[in-house]
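Enquirer: here's a sequence, model it:
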Amino acid sequence: MAASKMPALTQPPLLDEPKRSALVAAQPEAALAKQHSRAGSSVANQQTSGFAKAFKALSSHFSKTNVNMLLFRTLNRDLCRPNANEDYIAPLFRDRLIPIRSWMQRSVPGMAALTRRSVESPGLGVPGVCNFVDARTKWLDQALKQALDDGVSQVVVIAAGYDTRAYRFYRPGVQFFEVDLPSASKRKQQLVRAVLPGPEELPRPVYVAADLAHVMLSAALAGTGFDASKRTLFTCEGLIYYLPEAAVSTLLASVADLAAPGSRLLFDFLHTDALDGSVEYAGYTACAESVAGKGEAFISGLAPDSDDMAAYLAPLNWQLDRLWSPGEMASTQLPHERWSEELPPILSFYSYAECTKA
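Expert: Sure thing, here's the model as predicted:
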């Protein structure tokens, strides 16, 4: 299926920087919106109160952590580093959400490089975090493109947050669904309206405003046009390590209950041995302390072993297709980087799973 011609979004018409800075300093974000240009019956029923609290606090992806992840997603592109991700919409979101910081990163000589060195400092930061975000973005982008090429016509983005794939990968005949909390979904739509072409030029996904802590995914998607008989790609990026262990199983099982045979699910996960401290990973302590300091502590992990993962997924009606280790992800997505156990080029305490509805 051929991709449709996309509107040119790589160089949006931004306000000139002095006017932009003055507006930011003088007005709250709501007022700035008027001045800023457009460019500027299964296991799933066993949901717990822990899942409710974790999902409400974290799945919206509109937290400080996720603003940082958005910033990190743009750094390698800004620095013209090799094999950077191709998310050309992320800078538009970033510029809108953190305009002063974004202006400094784009305009102050050396600021982007300084930011990257600071966040990845072995002493105070998390070495490899920018490359981790880059590699994960590229992995999901490639898997989505392959799924669309293989004829998948539905994509469900769970806890969509600042995900941009519904806009970057739109094709005629393909329907995207972005699932998120009502407040997050409303804000995402405002953000999209502010910086992207209108729906007549760039069709929108179906925005599904639902608290999955209290509503089953099948119920949330009811009446939205989702067709449970069609093969679907489900993505769950940057979420499950913030959920209790039982809630992770509940979520994965609820997706399987809804998925047609041949549907696929992709997710990243934290290593159990990092969480319990049995293995010491470079940068993990700083990373865990950082997210905990924002009220978003890591809660659960999974074993980074293919046999263990396959055994875990089987009762949830998923068949493991591939488990990507950190080293495999780095060598595939960032082949210019050299692996080092002492100072890995990407975070070494995350792995990545691809599975198919059994």
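
Enquirer: as a check, name the ranges of all helices in the stretch 1-150 of the chain.
Expert: Taking DSSP state H, counting those that start in this stretch, the helices of the stretch 1-150 of the chain run over residues 17-26, 29-35, 49-58, 64-78, 90-97, 99-107, 111-119, 129-149.

Enquirer: return the distance of the fifth one from the chain's centre.
Expert: For helix 90-97, the distance from its own C-alpha centre to the chain's C-alpha centre is 15 Å (CA atoms, centre = their mean, to the nearest Å).

Enquirer: that helix packs against which elements?
Expert: Using 3 or more CB pairs under 8 Å, 6 or more residues apart in numbering; DSSP states H and E as the contact test, the elements touching helix 90-97 are helix 64-78, helix 99-107, helix 182-195. (Glycine included, C-beta is placed from N, CA and C.)

Enquirer: buried sites along the longest one?
Expert: Across helix 64-78, burial judged by 16 or more other CB atoms under 10 Å covers 65-78.

Enquirer: among these, show me the least confident.
Expert: The pLDDT minimum for the buried residues of helix 64-78 sits at Thr65, where the score is 76.

Enquirer: now do the contacts for Phe234.
Expert: Counting by CB atoms under 8 Å, 6 or more residues apart in numbering, Phe234 touches 155-156, 158, 255, 259, 263-266.

Enquirer: how many degrees apart are the strand or helix carrying it and helix 129-149 in direction?
Expert: In the assignment (DSSP states H and E), Phe234 maps to strand 232-236. Here the directions of strand 232-236 and helix 129-149 differ by 170 degrees (axes from the mean of the first three to the mean of the last three CA atoms, to 10 degrees).

Enquirer: what's whichever helix or strand comes after strand 232-236 packed up against?
Expert: Note on strand 232-236: by DSSP H and E, the next helix or strand toward the C-terminus is helix 245-258. Counting contacts by 3+ CB pairs under 8 Å, 6+ apart, helix 245-258 packs against helix 49-58, helix 217-221, strand 232-236, strand 264-270.

Enquirer: check which residues of helix 245-258 are buried.
Expert: Buried, per 16+ other CB under 10 Å, within helix 245-258: 247-258.

Enquirer: could you do stretch 124-139 as well?
Expert: By neighbour count with 16+ other CB under 10 Å, stretch 124-139 contains the buried residues 125-139.

Enquirer: so for that stretch, what's the average pLDDT?
Expert: 95.

Enquirer: so who does Thr272 touch?
Expert: Thr272 touches 301-304, counting by CB under 8 Å, 6+ apart.

Enquirer: dump those residues to a markdown table, plus distance to Leu97.
Expert: Output for these, formatted as a markdown table (distance: CB to CB, whole Å):
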| residue | distance to Leu97 |
| --- | --- |
| Gly301 | 29 |
| Leu302 | 31 |
| Ala303 | 36 |
| Pro304 | 33 |
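
Enquirer: now these as a markdown table including distance to Met111, pLDDT and neighbour count?
Expert: A markdown table is the format used below for the contacts of Thr272 (distance: CB to CB, whole Å; pLDDT from 0 to 100; neighbours: other CB atoms under 10 Å):
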| residue | distance to Met111 | pLDDT | neighbour count |
| --- | --- | --- | --- |
| Gly301 | 35 | 98 | 21 |
| Leu302 | 37 | 98 | 22 |
| Ala303 | 40 | 97 | 16 |
| Pro304 | 36 | 97 | 24 |
